[in-house]
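Trainee: Provided below for reference: sequence and predicted model.
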Amino acid sequence: MSQPQPSTTSDSSNARRRSQRVLACVLCQQRKVKCDRRFPCANCSKYQKECIPATVTPRRPKRRFPERDLLERVREYEALLRENNIEFRAFQSEVETNPSSTASPNAERDDVSYNQQERSQGTATTPKESTEAKSLWRVLRKQWPARPNRDEEAPQDGVSHARIQRAMDQIYGKNDHFLFGVRHTPTILSTLHPEPVQIFRLWQIYLVNIDPLLKVTHTPTLQGRIIEAASNVSNVNSTLEALMFSIYAIAVMSLTVDECQNIFNSPRDELLGIYQYACQQALLNCGYLCTSDRECLTAFYLFLLSIGPNTDPRSLSPMLGVAMRIAIRMGIHRESDTEKSSPFEIEMRRRLWWALKLIDSRIGELADSKSVALDPIWDCKIPLNVNDAELRPEMKSLPFVQGSTSDALFVVVRSVLGDFIRFAEFHLDFTNPQLKSVAKAAQHDLVPESRNLVAFEKLIEDLYLRFCSTDNPLHLMTLCMARSQLAKYRLLEHYWRYSDSPESQTDAKRDIMIRNALIILENDAKIMSSPLTKGYRWLLQFYFPFPAYVHALQDLQRRPFCSQAMKAWNVLSNHFEIRVNVPEGRNTPFFDLFTNLVLSAWKEREDALARQGEEVVPPSIVSIIREKTTEENTGTQCTDQETGDLISSVNSGGMPATGLCHMPYEPGSQYIQPNSTFLMHSQFQLQPETNSLPLQALDWTFGASAF
């Protein structure tokens, strides 16, 4: 049988069918006679004339609407209006963003501005100088005007930011594995997802324990996407998959060992390791280091939080620095960039920026560094005090604040506190004194109540705290931590004010300050002991109130019969039993540190009472410590050199914040783990006179961070 030959006939016929239609020749058209449309035609042959075939004149392309040029001009005009502080109604894009779809990590962001509702509280009414940074590429394009009558599909003049990003993607690819290690073989992440039932359970734990304290995800839109993804985990968008694994990890982190075993029938550490590893691989898949996607950055942020309890702050701080650099490259810190997004995206970017800044500030302090995270050189606004249900991706303007309490209450209050402290002179003197002039220049935009600590505290009470109910877990958490943070601010301001002349303090002033230290301990103990806030205790592992202990014990050592002495010993005993004195926490360097701090302070009061012939009844904190000391008989002692080095470190302001404040414990059981990363000598020898802790020398900046 002969092999079939290629169908050249059909190809040629198709080509002829696609060819242009044959027109009458030129002479026949001029004489207006019928032409047989052959070459040469019959008429030209008859009269022996040259037959000239007619051709179709190329049709001029229809000029399209120059939308790209028009949008570029509108953006330039709007930028000029902003620079000159002229109010205008910004152009609104007709293109809506699909919330269920995710753009590529380096896709160009829409620059079309939206109307933004200004909050009436805490904003200035006088026009202010524009803080928008000039765009180098825009200036380069403006050096020569656009050529007139240019076709829409013609190549664009100059080089745009988006084209540069695409070129970089092609050059480097996803070569960003150096933080999480090199992958020799790709990991099939679909096998690491839990069963759908467990996915929903982890999501609910996240909504109860994590989301109210962070609000970096939008529940109404994300929940539907997670439900859809759970039905087909092998076909999940890479960014959404990274976010899902980060949610799994931080949800497990917020559980106790027993809770995790009962709910998932698996060890907590095992699940945490699986989901953290899977989150790393998912972040690599979506190119998290080069991303411009907010959800990808959110996944990275949640991942860093999930590893925080078991990570040395000195290692975690640089990782958070990477997240901060990504956020800055995305322009989240700058309102002029944020306002180019949709209203929904504006609010979510603000929430993410403040969440990043507050934890970065705290971890930087725990890493024993002069953290400058809360500084006055960025202008991201405070998130709105609104519920998630009031935020919709399709909305054209930000919602109005309806009341003083919402789902975002905790986030709003901690952001307000952080916004106050970053402009405070007494804070900047401990972190970066060079920025005080910047803060003063920016204070003309602040309302008077946000410049003075006393007035600011009243403002917080009137706007938020007086509306909180102690029966509501989120309200109770907000009340306790806000009042504790305000007390820290008062202590910090006190040390700043009397740093050069501590001897000028009166007893009345000292009574006020020890009362502030006790407020911190009381509120911390209330959160740790209340069953309402059990799911929120994971956050307190980053905020152990050691400065309050040091302040109270130092004061009691020097003034054993001050007006607050009896209350102080009761508060110290209560907090000690809740936070420190549990079986799992007794054999730690932290407990040994308390031994000498507490006994040195109590000895002064005990000796004074004995001289007066009064009965001495030690508080429970002293009894517990003495009992442990007796059991040990002769415990491990520091050498003289170790003790001297430690005292020298404290007196120079170099107290290791890692050990003092970053106290890992299992959430829900309040204790300090025996393998804590507490970097402190096992014994802290304090003598009443020579080895006392000078409060003015302590690095109190780790108490200034907003909770």
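Mentor: Ah, there it is. Just so you know, these numbers come straight off a predicted model, no measurement behind them.

Trainee: Quickly note the distance from the nearest residue to E335 once chain neighbours are set aside to H333.
Mentor: The shortest distance from E335 to any non-neighbouring residue, by Cβ to Cβ, 6 or more residues apart in numbering, is to D379 (5.1 Å). Where C-beta positions appear, they are placed from N, C-alpha and C, glycine not excepted. Relative to H333, D379 is positioned 8 Å away (Cβ to Cβ, to the nearest Å).

Trainee: Ramachandran coordinates for the residue nearest to E335?
Mentor: D379 adopts backbone torsions of phi -130, psi 20, taken as degrees, to the nearest 10.

Trainee: if I read this right, it contacts T338, doesn't it?
Mentor: No - using Cβ atoms under 8 Å, D379 makes no contact with T338, being 9.4 Å away.

Trainee: quick one: which of the two has more around it?
Mentor: Set side by side, D379 and T338 show more neighbours around T338, with 22 against 15, by other Cβ atoms under 10 Å.

Trainee: With K509 as the reference, measure out to the more buried one.
Mentor: Taking Cβ to Cβ, one finds T338 at 43 Å from K509.

Trainee: mind checking the SS state of V412?
Mentor: When classified by DSSP: H, G, I helix; E, B strand; the rest coil, V412 comes out as helix.

Trainee: Can you tell me the number of residues neighbouring it?
Mentor: By other Cβ under 10 Å, 25 other residues sit near V412.

Trainee: Could you count how many residues lie near S336?
Mentor: Counted with other Cβ under 10 Å, residues neighbouring S336 total 15.

Trainee: Now do the strand or helix carrying it: which elements does it pack against?
Mentor: Here S336 sits within helix 335-338, counting by DSSP states H and E. Judged by 3 or more Cβ pairs under 8 Å, 6 or more residues apart in numbering; DSSP states H and E, the packing partners of helix 335-338 are helix 343-366.

Trainee: elements contacting the helix it packs on?
Mentor: Judged by 3+ Cβ pairs under 8 Å, 6+ apart, helix 343-366 is in contact with helix 294-307, helix 313-330, helix 335-338, helix 409-421, helix 657-661.

Trainee: Any idea which of those gets closest to A24?
Mentor: With Cβ to Cβ as the criterion, A24 lies closest to helix 335-338 of the helices and strands packed on helix 343-366, at 63.0 Å.

Trainee: As PDB, could you dump the C-alpha coordinates of that closest one?
Mentor: C-alpha atoms of helix 335-338 as PDB (Å, rounded to 0.1, in the frame of the first residue of the first chain):
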ATOM      1  CA  GLU A 335       1.200  56.200  52.500                       C
ATOM      2  CA  SER A 336       1.800  57.700  49.100                       C
ATOM      3  CA  ASP A 337       2.400  54.200  47.700                       C
ATOM      4  CA  THR A 338      -0.300  52.500  49.800                       C
END
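
Trainee: how close does the residue lying closest to S231 once chain neighbours are set aside sit to L202?
Mentor: Excluding the flanking residues, the one nearest S231 by Cβ to Cβ, 6+ apart is P196, at 6.9 Å. Separation of P196 from L202 (Cβ to Cβ): 11 Å.

Trainee: Which of those two has more residues huddled nearby?
Mentor: Shown here are P196 and L202; by other Cβ under 10 Å, L202 has more neighbours (24 against 13).

Trainee: Next, give phi and psi for the more buried one.
Mentor: Per-residue torsions, L202: phi -60, psi -40 (degrees, to the nearest 10).

Trainee: What backbone torsions are found at the spatially closest residue to it that is not a sequence neighbour?
Mentor: The shortest distance from L202 to any non-neighbouring residue, by Cβ to Cβ, 6+ apart, is to A251 (4.6 Å). When read as degrees, to the nearest 10, the backbone of A251 gives phi -70, psi -40.

Trainee: which ones are touching A251?
Mentor: 202-203, 205-206, 209-210 (Cβ atoms under 8 Å, 6 or more residues apart in numbering).

Trainee: in the stretch 201-350 of the chain, which ranges drop under the pLDDT threshold?
Mentor: Counting by pLDDT under 70, the stretch 201-350 of the chain contains no low-confidence segment.

Trainee: and which of the contacts of A251 is nearest to L179?
Mentor: Distances from L179 to the contacts of A251, taken by Cβ to Cβ, are shortest for I210, at 23.4 Å.

Trainee: and the closest one, helix, strand or coil?
Mentor: Following three-state DSSP, the label given to I210 is helix.

Trainee: That one touches I250, doesn't it?
Mentor: Yes - counting by Cβ under 8 Å, I210 does reach I250; the two are 5.5 Å apart.

Trainee: now the contacts of A251 as JSON lines including distance to Y495?
Mentor: Listed next are these as JSON lines, based on distance: Cβ to Cβ, whole Å:
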{"residue": "L202", "distance to Y495": "44"}
{"residue": "W203", "distance to Y495": "44"}
{"residue": "I205", "distance to Y495": "40"}
{"residue": "Y206", "distance to Y495": "39"}
{"residue": "N209", "distance to Y495": "35"}
{"residue": "I210", "distance to Y495": "34"}
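
Trainee: For PyMOL, write the select line for the buried members of those residues.
Mentor: To isolate the buried ones among the contacts of A251 in PyMOL, judged by 16 or more other Cβ atoms under 10 Å, type:
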select buried, resi 202+203+205+206+209+210
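
Trainee: Phi, psi for F546 please.
Mentor: Backbone geometry at F546, expressed as degrees, to the nearest 10, gives phi -60, psi -40.

Trainee: can I assume the residue nearest to S231 is in contact with A230?
Mentor: Yes - if you go by Cβ under 8 Å, P196 and A230 touch, sitting 4.4 Å apart.

Trainee: circling back: shared neighbours, I210 and I250?
Mentor: Residues touching both I210 and I250 by Cβ under 8 Å, 6+ apart: L302.

Trainee: that older thread, among the helices and strands packed on helix 343-366, which comes closest to L23?
Mentor: Nearest to L23 among the helices and strands packed on helix 343-366 is helix 335-338 (58.1 Å), distances taken as Cβ to Cβ.

Trainee: Show me this protein divided up by domain.
Mentor: Taking the TED database as the reference, the chain has its domains at 22-55, 189-503, 510-628.

Trainee: wait, which of those domains is closest to Y77?
Mentor: Y77 sits nearest to domain 189-503 of all these, at 14.4 Å, using Cβ to Cβ.

Trainee: Just the terminal-to-terminal distance for that closest one.
Mentor: Domain 189-503 stretches 63 Å from its first residue to its last (Cα to Cα, to the nearest Å).

Trainee: can you check stretch 245-260 too?
Mentor: 16 Å.

Trainee: Any buried residues in it, and which?
Mentor: Buried residues in stretch 245-260, defined by neighbour count with 16+ other Cβ under 10 Å: 245-256, 259-260.

Trainee: No further queries at this time; thank you.
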